[in-house]
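>>> Dropping the sequence and predicted coords here.
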Amino acid sequence: MEQSHVAAVPPARIRYRLTPLQCALSMLPGIIIVASQVLFRLDGGPSGLFLVSELLVWCVLPIASRLFGVTLTPSAALVHNLRRRTIPWSSVQAIQIESLFGSRTVVIYEAGGRRTRLRAPITAPLNWDRSFEEKFHTIGRWWLDHRGPDWVPVPPPGAWWDGPPVSKANPYAPPA
């Protein structure tokens with residue numbers, strides 16, 4: 001019996017966005033607020049354009065957040081936020097996970113000292129992404145594979161204060 005070994009061709013690009021459950025959970029507070037405002041207005045409360053702005057902020061923006069994320073290409077990471085940024089793999093110094101208020105996000109550190117927190121992938125207790133670790137490792141592996149042979153680590157920028165001055169004298173000698 002003969003088996004064929006076909007080499008797996010890696011994809012040309014990988015796109016990570018918020019999961020559908022994460023998008024739906026981000027709309028839940030808005031739905032509750034809009035429903036309570038509708039009930040308040042039906043009960044004789046003031047009406048106006050306030051409901052339209054609530055619908056825009058609480059329902060349309062979470063749907064638009066589905067556009068946020070990151071696209072991995074062989075030459076760069078395309079970060080999709082309010083503005084699209086291109087981070088070349090050759091200028092990336094590290095990719096780490098950072099925690100902020102219970103949520104864990106992927107952060108890209110650039111050679112110039114800039115830190116870019118990705119909006120997706122993200123995971124939190126109420127906003128869980130089961131494949132977060134796998135996505136983080138894929139981003140890290142993609143960077144290691146595509147950063148190029150001439151990549152060198154850049155030392156971190158120096159602090160404006162490197163600690164107290166070090167004296168050359170014996171610290172255990174009695175004061176003079």
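Received the coordinates, thanks. Residues are numbered from 1 along each chain as shown.
>>> So which bits of the host helix or strand of residue 87 are buried?
Secondary-structure assignment from DSSP states H and E places residue 87 in strand 84-88. Neighbour-count burial for strand 84-88, counted by 16 or more other CB atoms under 10 Å, picks out residue 87. C-beta here means a position set from N, CA and C on the backbone, and glycine is covered the same way.
>>> could you dump the helix or strand following it to PDB, C-alpha only?
Once the chain leaves strand 84-88, the next helix or strand it forms, by DSSP H and E, is strand 92-100. The C-alpha trace of strand 92-100 is given here as PDB (Å, rounded to 0.1, in the frame of the first residue of the first chain):
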ATOM      1  CA  VAL A  92       8.800  43.500  15.700                       C
ATOM      2  CA  GLN A  93      10.900  42.800  18.800                       C
ATOM      3  CA  ALA A  94       8.500  40.700  20.800                       C
ATOM      4  CA  ILE A  95       4.900  39.300  20.900                       C
ATOM      5  CA  GLN A  96       3.500  38.800  24.400                       C
ATOM      6  CA  ILE A  97       0.300  38.300  26.300                       C
ATOM      7  CA  GLU A  98      -0.700  41.100  28.700                       C
ATOM      8  CA  SER A  99      -3.500  41.200  31.200                       C
ATOM      9  CA  LEU A 100      -5.600  44.300  31.800                       C
END
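>>> Which SSE is immediately downstream of strand 92-100?
Past strand 92-100, heading to the C-terminal end, the next element that is a helix or strand (DSSP H and E) is strand 103-110.
>>> helices or strands up against that next one?
Strand 103-110 makes packing contacts with strand 92-100, strand 115-123, helix 132-146 when contacts are defined by 3 or more CB pairs under 8 Å, 6 or more residues apart in numbering; DSSP states H and E.
>>> Walk me through which strands it pairs with, and which way each runs.
Partner strands for strand 103-110, per DSSP bridges, with pairing direction: strand 92-100 (antiparallel), strand 115-123 (antiparallel).
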